[in-house]
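Colleague: I would like the atomic coordinates for the input below:
(chains A, B, C and D)
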2 protein chains.
Amino acid sequence: MLNYSTSEENYIKAIFHLQRQDNTVTTNELANELKTKPASVTDMMKKLKIKKLLHYEPYQGFRLSIEGYKVALGIVRRHRLWEYFLAEKLKFTWDEVHEVAEDLEHVSNKKLIDKLDEFLGFPRVDPHGDPIPDAHGKIEISKKICLTDLPLNKVAVVSGVSNQSSEILELLEHKKINIGIKLEVKKRFEFDHSIEVRIGRQPAFTISKELAENIFVKYGS
Amino acid sequence: MLNYSTSEENYIKAIFHLQRQDNTVTTNELANELKTKPASVTDMMKKLKIKKLLHYEPYQGFRLSIEGYKVALGIVRRHRLWEYFLAEKLKFTWDEVHEVAEDLEHVSNKKLIDKLDEFLGFPRVDPHGDPIPDAHGKIEISKKICLTDLPLNKVAVVSGVSNQSSEILELLEHKKINIGIKLEVKKRFEFDHSIEVRIGRQPAFTISKELAENIFVKYGS
DNA sequence: TAAATATTTTAGATTTGTCTAAAAATATTT
DNA sequence: AAATATTTTTAGACAAATCTAAAATATTTA
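Modeller: Next up, the predicted model:
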């Protein structure tokens, strides 16, 4: 696997993430994501096309080639392992890890990353609940589902809330439900559709149907 | 403290190291150290002078300013903490850590480095026995002397070897002389200049003049 | 479907860090 | 102290990554 510049890696990674939602990525989308100008995106797309990392015809948008996808998985692996390290070992909070990992991910020494992986105990998800590709680029596809649909007794990671009003944030704060936290559903009550949730080994507590409908979790394939 | 590019940091660090031996650093010395061309050095020196990181007059060589020295200590701190992490936590051997730390040192997030320091238990020397500057840039000045010059019966800490060939490493491995180990010289033999060494309370053993000349120890303060 | 609007690309400039070749300054020899 | 050798700097070029402004293409709307 060749080496790519920090800038090339950032473009590849951004395309990787944007592709998840939409099959083909546009110039403006990417410029917006990377806080750069559309003209710069076009320049880089030409370069990455020559390097066979993506499929691209002028005005038609672009998507990663098989090779580009492999490169992206390598970057994502490094990013998520560092995030795990930062949260687990250095005690950064889940909302701080991303920014720091943005820099660390570009140190692309395979032995470093494989040894880090081993040191961390081969974690399968990062602090946001996103799966970490293994040394061979294998990645668990984790479904993002609503808390109301999580099977009983399956540990899942809170990965987002659909409604971001201050009211819901206040409630989540109070219940200590943060992004990245691991929880499982212990029981569902038919009467009001409230659900009983447990975080780690703490005592279970109940949350309303309304709240549950706004919480998304990721859980193993 | 401002941020500097990877390239600027590499120049600053190289000047820092070259200054130890010689008070003022020359263009050719620096070009040689960084495997670059003298013209590139001159270009960068002009830039670093404008940024007030060094004292420099054309044809007169250069040395770091107070500010440049502070910047250098920051880089050295990051480098040595990562070296310690790589050796202690990821089980790299002490001769592998330098190269990897060369990349990691340029991630200059103060909180990251301070938390890493804490995680590692505030180590005072790196795997080569070189002192690690603390969060305020304070660095222990420890005398590093050759084993041949260590006074008899004074306990010292092995801090480095000048020659890093696999032959010397094999021998050190066999004699169980590792970086960080405490030893003392019990006797010197005039005939072949071999010396008798003791590690802790184990039986003393003899090492050759050739080996002793390549072992550096930290002793007293 | 033609005009208006939005998106994308091109052309040309800029910054950073590097290089080669030639000129200038300094050091060393004879 | 003049000639020679070495070191350092300058001048000008180049590649990577970015930008602005203008041109080309695509999409929307009336």
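Colleague: Please identify which helix or strand holds the residue of chain A most remote from its centre.
Modeller: Within chain A, the residue lying farthest from the chain centre (Cα atoms, centre = their mean) is A:Phe191, at 35.1 Å. Per DSSP states H and E, A:Phe191 falls between elements, in no helix or strand.
Colleague: same thing with A:Leu18?
Modeller: A:Leu18 belongs to helix A:6-21, assigned by DSSP H and E.
Colleague: Can you give me the buried ones in the next helix or strand after that helix?
Modeller: Using DSSP H and E, the helix or strand that follows helix A:6-21 towards the C-terminus is helix A:27-33. Using 16 or more other Cβ atoms under 10 Å in any protein chain shown as the burial criterion, the residues of helix A:27-33 that qualify are A:Thr27, A:Glu29, A:Leu30, A:Ala31, A:Glu33. For the C-beta atoms, the positions are set from N, CA and C on the backbone; glycine is no exception.
Colleague: Equivalent analysis for stretch A:39-54, please.
Modeller: For stretch A:39-54, by 16+ other Cβ under 10 Å, it's A:Val41, A:Met44, A:Met45, A:Leu48, A:Lys49, A:Lys51, A:Leu53, A:Leu54.
Colleague: Adding secondary structure and distance to B:Val197, write these out as a markdown table.
Modeller: Listed next are the buried residues of stretch A:39-54 as a markdown table, based on DSSP: H, G, I helix; E, B strand; the rest coil; distance: Cβ to Cβ, whole Å:
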| residue | secondary structure | distance to B:Val197 |
| --- | --- | --- |
| A:Val41 | helix | 64 |
| A:Met44 | helix | 59 |
| A:Met45 | helix | 63 |
| A:Leu48 | helix | 58 |
| A:Lys49 | helix | 63 |
| A:Lys51 | coil | 56 |
| A:Leu53 | coil | 56 |
| A:Leu54 | strand | 61 |
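Colleague: Determine which two of those are furthest apart.
Modeller: Greatest spatial distance among the buried residues of stretch A:39-54 (Cβ to Cβ): A:Val41 and A:Lys51, at 15.5 Å.
Colleague: how far away is A:Asp95 from DNA strand D?
Modeller: 25 Å (Cβ to the nearest atom of the strand, to the nearest Å).
Colleague: Next up, the contacts around the residue nearest to that residue when sequence neighbours are not counted.
Modeller: Counting by Cβ to Cβ, 6 or more residues apart in numbering or on different chains, A:Ile179 is the residue found nearest to A:Asp95 once chain neighbours are left out, at 7.0 Å. By Cβ atoms under 8 Å, 6 or more residues apart in numbering or on different chains, A:Ile179 lies in contact with A:Trp94, A:Asp95, A:His128, A:Gly129, A:Val158, A:Ser159, A:Gly160.
Colleague: Mind doing that once more with 10 Å?
Modeller: A:93-95, A:127-129, A:157-161, A:172, A:215-216 (Cβ atoms under 10 Å, 6 or more residues apart in numbering or on different chains).
Colleague: what about it, helix or strand, and which?
Modeller: Using DSSP H and E, no helix or strand contains A:Ile179.
Colleague: what separates it from A:Phe119, distance-wise?
Modeller: Separation of A:Ile179 from A:Phe119 (Cβ to Cβ, to the nearest Å): 25 Å.
Colleague: circling back to that earlier point, show me which of the buried residues of helix A:27-33 is closest to DNA strand D.
Modeller: Closest approach to DNA strand D among the buried residues of helix A:27-33 (Cβ to the nearest atom of the strand): A:Ala31, at 7.6 Å.
Colleague: Endpoints of stretch A:40-58, how far apart?
Modeller: 14 Å (Cα to Cα, to the nearest Å).
Colleague: which residues of chain A fall in helices?
Modeller: For chain A, the helices defined by DSSP state H cover A:6-21, A:27-33, A:38-50, A:66-88, A:97-104, A:110-119, A:166-175, A:209-212.
Colleague: Of those, which stretch is the most buried?
Modeller: helix A:66-88 (a mean of 21; mean count of other Cβ atoms under 10 Å in any protein chain shown).
Colleague: Up against chain B, what does chain A have?
Modeller: A:6, A:82, A:85-86, A:89-92, A:96, A:99-109, A:111-112, A:114-120 (Cβ under 10 Å from any Cβ of the partner chain).
Colleague: and chain A, which of its residues are near DNA strand C?
Modeller: A:26-29, A:38-39, A:41-43, A:45-46, A:56, A:58-61 (Cβ under 7 Å from any atom of the strand).
Colleague: burial count for the closest residue in space to A:Thr6 that isn't next to it in sequence?
Modeller: For A:Thr6, ignoring the flanking residues on the chain, the nearest one in space by Cβ to Cβ, 6+ apart is A:His106 at 4.7 Å. By other Cβ atoms under 10 Å in any protein chain shown, 19 other residues sit near A:His106.
Colleague: Setting the sequence-adjacent residues aside, check what's closest to A:Leu48.
Modeller: In space, A:Leu48 is closest to A:Leu54, 5.1 Å off (Cβ to Cβ, 6+ apart).
Colleague: Hmm, the one you found is touching A:Tyr69, no?
Modeller: Yes. Counting by Cβ atoms under 10 Å, A:Leu54 sits close enough to A:Tyr69 to count as a contact (9.3 Å).
Colleague: The residue positioned nearest the centre of chain A and DNA strand D: what is the separation?
Modeller: Nearest to the mean C-alpha position of chain A, counting by Cα atoms, centre = their mean, stands A:Asp130 at 4.2 Å. Per Cβ to the nearest atom of the strand, A:Asp130 is found 24 Å from DNA strand D.
Colleague: List the contacts of the residue nearest to that residue when sequence neighbours are not counted.
Modeller: Sequence neighbours aside, A:Arg80 is the residue nearest to A:Asp130 in space, at 6.1 Å (criterion: Cβ to Cβ, 6+ apart). A:Arg80 is in contact with A:97, A:101, A:105, A:123-128, A:130-133, A:139, counting by Cβ under 10 Å, 6+ apart.
Colleague: what does the domain assignment say about chain A?
Modeller: By the record's domain assignment, chain A is partitioned as A:6-64, A:143-219 (automatic domain parsing).
Colleague: For the shortest one, measure first residue to last.
Modeller: Distance between the two ends of domain A:6-64: 17 Å, counting by Cα to Cα.
Colleague: tell me the mean pLDDT for that domain?
Modeller: Averaged across domain A:6-64, pLDDT comes to 95.
Colleague: Run the chain-centre distance for that domain.
Modeller: 19 Å (Cα atoms, centre = their mean, to the nearest Å).
Colleague: swap in the longest one?
Modeller: On the basis of Cα atoms, centre = their mean, domain A:143-219 sits 18 Å off its chain's mean C-alpha point.
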